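need a 3D model of the following:
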Amino acid sequence: MQAAVGAAGIGVRNLGMSDDPFERHRSLLFTVAYEMLGAASDAEDVVQETWLRWADVDHTLVRDPRAYLVRIATRQALNRLRTLARRREEYVGEWLPEPLLTSPDVASDVELAESLSMAMLTVLETLGPAERAVFVLREVFDTPYDEIAEAVGKSPAAVRQIAHRAREHVGARRPRMPVSTTEQQEALNRFLAAVRHGDLQGLLDVLAPDVVVVADGGGVAAAARHPIEGASRVAAFLIGASRSAEFEVEAIWLNGSPAARIDIGGQVDTAVSVTVENGRITRIYAVRNPHKLTGLGGFAALTRS
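Below is the predicted model:
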């Protein structure tokens, strides 16, 4: 039975239990592909391509369907990563991952939530395709080295070396300290209250002195072409933006973390994610490209199992 994979129900698994290994692992396959690609629409395509290949296989010959399916999805994601690299070089302005609407339950898996965060996904963008695949499979999904080697077409020894380099690379660039969901939520609530009321001092109190705003309009929606740095500049920018149009701000969960959705005229306009350290916001990610906001239409089913 073919899985329904579409923008209206990103990664959503079918209701009830299924005897088909693909159906049982479809949310896992979507999560693997999304972690590797940072784009929900491309991850859906990878899941669909994985199903097409699975449908042509004699299932009785597959000893470990989960490993087999992850291997197919990884290879398809790697192929797509190489294509996306060229496309992203031509992207207008800053490129950010496509945000996914998630339930608060995703945050209960701390490692999954961290790996899905906008901060981590932007770090993963700085890895090469093979490094990203190896890092995701090993660090997020705890895949054995021999299985990773088969998926990426390299020896287990080479995979271990790649994993070591990728860990060092990510470790040097990931957020300096993890924070609790409660701390994230409190900082976000203060931030949203200040934006709603045009409270300049309130913004300055919740923003870190070296805060950075990264906005993604993709040349389709108005957005700063380059990051905006410093609390004073960021606060002035946000106050000006909040006065430019009638808008509504709603607290939601994106990629397993507290976040916000901005609607203008009843239509979704911007998805906002933040990074928090020591109770203050250090980074703001604002996705305005409408092609990247389709993932806000329904909860994404994300899992490591």
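
how about the contacts made by residue 256?
Residue 256 is in contact with 102, 106-107, 109, 112-114, 116-117, 302, counting by Cβ atoms under 8 Å, 6 or more residues apart in numbering. C-beta: built from backbone N, CA, C; applies to glycine.

change it to 7 Å
By Cβ atoms under 7 Å, 6 or more residues apart in numbering, the contact list for residue 256 reads 102, 106-107, 112-113, 116-117.

and of those, the nearest to residue 130?
Relative to residue 130, the closest of these is residue 116; by Cβ to Cβ it sits at 21.1 Å.

excluding its backbone neighbours, what's nearest the closest one?
Of all residues not flanking residue 116 in the chain, residue 255 sits nearest, at 4.3 Å (Cβ to Cβ, 6 or more residues apart in numbering).

now do the strands in the chain.
For the chain, the strands defined by DSSP state E cover 207-216, 228-229, 247-254, 257-264, 267-277, 280-287.

of those strands, which is nearest residue 181?
strand 257-264 (6.7 Å).

which other helices and strands does that closest one contact?
Contacts defined by 3 or more Cβ pairs under 7 Å, 6 or more residues apart in numbering; DSSP states H and E place strand 257-264 against helix 181-196, strand 247-254, strand 267-277.

just give the strands next to the last one in its sheet, each with its orientation.
With DSSP bridges as the test, strand 267-277 is paired with strand 257-264 (antiparallel), strand 280-287 (antiparallel).

out of those, flag the one nearest residue 214.
strand 280-287 (5.5 Å).

with just CA atoms, put the closest one into PDB.
What follows is strand 280-287, C-alpha atoms only, in PDB (Å, rounded to 0.1, in the frame of the first residue of the first chain):
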ATOM      1  CA  ARG A 280      18.600  35.800  27.000                       C
ATOM      2  CA  ILE A 281      18.000  35.300  23.300                       C
ATOM      3  CA  THR A 282      21.200  35.000  21.400                       C
ATOM      4  CA  ARG A 283      19.900  34.200  17.900                       C
ATOM      5  CA  ILE A 284      16.600  34.700  16.100                       C
ATOM      6  CA  TYR A 285      15.700  32.700  13.000                       C
ATOM      7  CA  ALA A 286      12.900  34.200  11.000                       C
ATOM      8  CA  VAL A 287      11.600  32.200   8.000                       C
END
